[in-house]
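**Q** Quick one, fold the following:
(one chain, ligands or ions: 2)
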Amino acid sequence: MKPLVIKLGGVLLDTKEALNNLFIAINHYQKKSARPIVIVHGGGCVVDELMHKLSLPVVRRNGLRVTPKEQIDVIVGALAGSANKTLLAEAKKHHLSGIGLCLADGNSVNVTQISDDLGHVGHATAGSPVLINSLLQSGHLPIVSSIGITSSGEMMNVNADHAAVALAQTLDADLILLSDVAGVLDANKQRIAVLTTTQAEELITQGVITDGMVVKVRSALEAAQMLGHPIDIASWKDTDKLMALFAGQPTGTRMMG
Ligand SMILES: Nc1ncnc2c1ncn2[C@@H]1O[C@H](COP(=O)(O)OP(=O)(O)O)[C@@H](O)[C@H]1O
Ligand SMILES: CC(=O)N[C@@H](CCC(=O)OP(=O)(O)O)C(=O)O
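**A** Ligands and ions are numbered 1, 2, ... in the order given. I've put the predicted structure just below:
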């Protein structure tokens, strides 16, 4: 059975009740289904809060955080440290055997620097499935942060949607991108049930899809094309629909590629 990669991020990491509900759903699903789960996470909000406390500037370009050399250490601390361990703690509380990893562990996702302009921001591509598959076979729940390391040993900050796509490719897995919205919304703020590449690019041009959702939508469409099946963008807030979502029902926006 194909593994299921679930991408988490955003304010979820700061929302105790929603995290609790999500892990209840993961626990129930793991008891009911033989399908292994892998979590990939970001934590842009956790990074923003830390930057604010440290009086460091937050600069994003096309949805990606500009990450100067002198900031990569604190960003690694926030994502591979605080955010990763927050999720690991939640897994433990729900009696799930979480293993905290980053993209570089087991060379699961390969990362190269995108450009000097963005600094320590990585482009992610599929790597080796060996480590994560062996963890899944022994009943663990891998929880993977979006921090990667280049072949020359440089730490890179990877957008977590990009990281999730690359990891889903590594594992030939199904992929769900969870966010704080019901799905991709149209100009009237209504959830769009199904979206193709052409429709999505029109909505981006019209300014209906903006900010982080542009990266998410393009990542999902790329993944749908590469994996050969649709990808769902859905809400972590819809607790009662999570089990159905994990089982393959479209509760958010189904991205067709
Ligand atoms: N058309 C759209 N539909 C839904 N959300 C959108 C849209 N355009 C912009 N957004 C914004 O994108 C956000 C989700 O992207 P992002 O903040 O990067 O999510 P996450 O941190 O969960 O990965 C939403 O909270 C919303 O503010
Ligand atoms: C390069 C880049 O933009 N990295 C992201 C990584 C975290 C992330 O993507 O978190 P969410 O999924 O919560 O948005 C950042 O620093 O915010």
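**Q** For the closest residue to ligand 2 within the stretch 151-257 of the chain, which non-adjacent residue is spatially closest?
**A** Among all residues of the stretch 151-257 of the chain, residue 160 sits closest to ligand 2, at 3.5 Å; criterion: Cβ to the nearest ligand atom. (Glycine included, C-beta is placed from N, CA and C.) Residue nearest to residue 160 in three dimensions, not counting chain neighbours: residue 42, with 2.9 Å by Cβ to Cβ, 6 or more residues apart in numbering.
**Q** Tell me, how many residues neighbour that neighbour?
**A** Using other Cβ atoms under 10 Å, residue 42 is surrounded by 26 other residues.
**Q** Can you check the pLDDT for it?
**A** The pLDDT attached to residue 42 in the predicted structure is 97.
**Q** residues touching the nearest residue to residue 257 once chain neighbours are set aside, list them.
**A** Taking Cβ to Cβ, 6+ apart as the measure, residue 257 lies nearest to residue 224, with 2.9 Å between them; neighbours along the chain are not counted. When contacts are counted by Cβ atoms under 8 Å, 6 or more residues apart in numbering, residue 224 is found next to 230, 231, 255, 256, 257.
**Q** Residue 97 now?
**A** With contact taken as Cβ under 8 Å, 6+ apart, residue 97 is in contact with 91, 139, 140, 141.
**Q** ok so, going back, dump the residue contacts of the residue nearest to residue 160.
**A** The contact partners of residue 42, taken as Cβ under 8 Å, 6+ apart, are 7, 8, 9, 10, 79, 83, 146, 159, 160, 161, 163.
**Q** which one of those residues has the most neighbours?
**A** Counting neighbours by other Cβ under 10 Å, residue 146 leads these with 32 neighbours.
**Q** Give me the below-cutoff pLDDT ranges for the stretch 151-257 of the chain.
**A** Along the stretch 151-257 of the chain, the model assigns pLDDT under 70 to no residue.
**Q** got the residues of it near ligand 2?
**A** Near ligand 2, the residues belonging to the stretch 151-257 of the chain are 157, 159, 160, 212 when assessed by Cβ under 6 Å from any ligand atom.
**Q** again with the stretch 1-150 of the chain
**A** By Cβ under 6 Å from any ligand atom, the residues of the stretch 1-150 of the chain that approach ligand 2 are 9, 10, 42, 43, 44, 47, 64, 65, 75, 79, 121, 146.
**Q** Among those, pick out the one closest to ligand 1, please.
**A** Checking these against ligand 1 with Cβ to the nearest ligand atom, the nearest one is residue 10 at 2.8 Å.
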